[in-house]
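> Coordinates for the following, if possible.
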Amino acid sequence: MSSVLYRCGGVIIGSRTILTAAHCLLHRTTSVPLPVSSIQVVVGAVNSGAPATNVNDPTGCAQTFTAESLIIHPAYNHELNDNDIAIITLTTAINVDQKPCACTLCFSARQPTVGEQCAVTGYGIEMALLNFTVPRRNPVPLKWVAQTIVNQGATNKCPAFPNSAGAITNLTMKFCTHGPDDQGPCLGDDGSALVCWDPANNGYYLAGLIAIGPELCAIGLSDWSAQSTKVALYLQWIADNSVSGDVNLPASSIVSTPTPAPSETTNSPITAPGTTEACGIPGSGPIDAFGIVSQMEC
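So this is what the prediction gives:
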């Protein structure tokens, strides 16, 4: 989201409310917060060039919105990447009821357990292992990929940052995920959704926001994994800083102590059922780039 180039992902949580990573709203080199006038949000896009180059979307569903305000979490620490979460309030509302390519994601106090398979989505750059000679697609199509929740201590490749005082990223506030070779979040996927299946509610929910990913992306289980900010820890903050009535946060999801995710035991992965929605085929039924949009909607 930028008036100049695609930079980060985001999550629609209300008709005027977008959740993203805090570092996405900072200048790349100075780390100074970006002016609100520099931010644009595109929804309903099937590739990173939309809407100008959204040639695979004959319905013209992609739409650009300007931002009214940017709210970075007050405890965000850029050095450590702690509390890497922010809210963008749009100047006008997304008509989610009439836009088949956009939906709000559900919230839950539940956290995925170690061993569960979740999914990440985004338009991040494509890098085939370390082969920089392989052409990358431009624009990049929207994709999703399964990622497994792993123990933070199970691999030394779950990224963390130290600061000058000797502190290190608080990994209790993050999920570490990884997947098969050539499959994982990459540059440009930051701020995008980590969605997981809740068997109790029979639907997907927003579990995390992609916060830290490897610069050499998707290079296998033995290499760097990704970190996502645990959204359940910030539900009250989201409620307090969103436009009144815009975000559907069930009272049962806002708790002082979110349902914990086991960190020392591995559980059997939860398999989500399929969907009858059309999968990523614009013009052939409801547009559903993930194949699971009907189960994501609240």
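
> Just the CA coordinates for the lengthiest helix in the chain, please, in CSV.
In terms of residue count, the longest helix belonging to the chain (DSSP state H) is helix 235-241. Output of helix 235-241 as CSV, limited to C-alpha atoms (Å, rounded to 0.1, in the frame of the first residue of the first chain):
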residue,chain,number,x,y,z
LEU,A,235,-8.2,-7.3,20.4
GLN,A,236,-8.9,-4.7,23.1
TRP,A,237,-6.5,-2.2,21.5
ILE,A,238,-8.2,-2.8,18.1
ALA,A,239,-11.6,-2.2,19.6
ASP,A,240,-10.4,1.0,21.3
ASN,A,241,-8.8,2.5,18.2
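
> residues near Leu26, how many?
Here the number of neighbours of Leu26 (other Cβ atoms under 10 Å) works out to 17. In short, each C-beta sits where N, CA and C put it, glycine included.

> wait, what's in contact with it?
Contacts of Leu26 were listed using Cβ atoms under 8 Å, 6 or more residues apart in numbering, and they are 32-34, 72, 78.

> Please name the bridge partners of it.
Each beta-bridge partner of Leu26 is listed here, defined by DSSP bridges: Pro33.

> separation between it and Asp189?
In this structure, Leu26 and Asp189 are separated by 17 Å, where distance is defined by Cβ to Cβ, to the nearest Å.

> Do you have the strands of the chain handy? List them.
In the chain, strands defined by DSSP state E lie at 11-14, 17-20, 40-43, 63-72, 86-90, 117-122, 143-150, 174-178, 193-198, 203-212, 226-230, listed in chain order.

> For Asn95, give me phi and psi.
Dihedral angles phi and psi of Asn95 (degrees, to the nearest 10) take the values phi -80, psi 80.

> Look up how far Pro250 lies from it.
The gap separating Asn95 from Pro250 is 23 Å, by Cβ to Cβ.

> okay, the two: which has more neighbours?
Set side by side, Asn95 and Pro250 show unequal neighbour counts under other Cβ under 10 Å, the larger going to Pro250 at 13 against 10.
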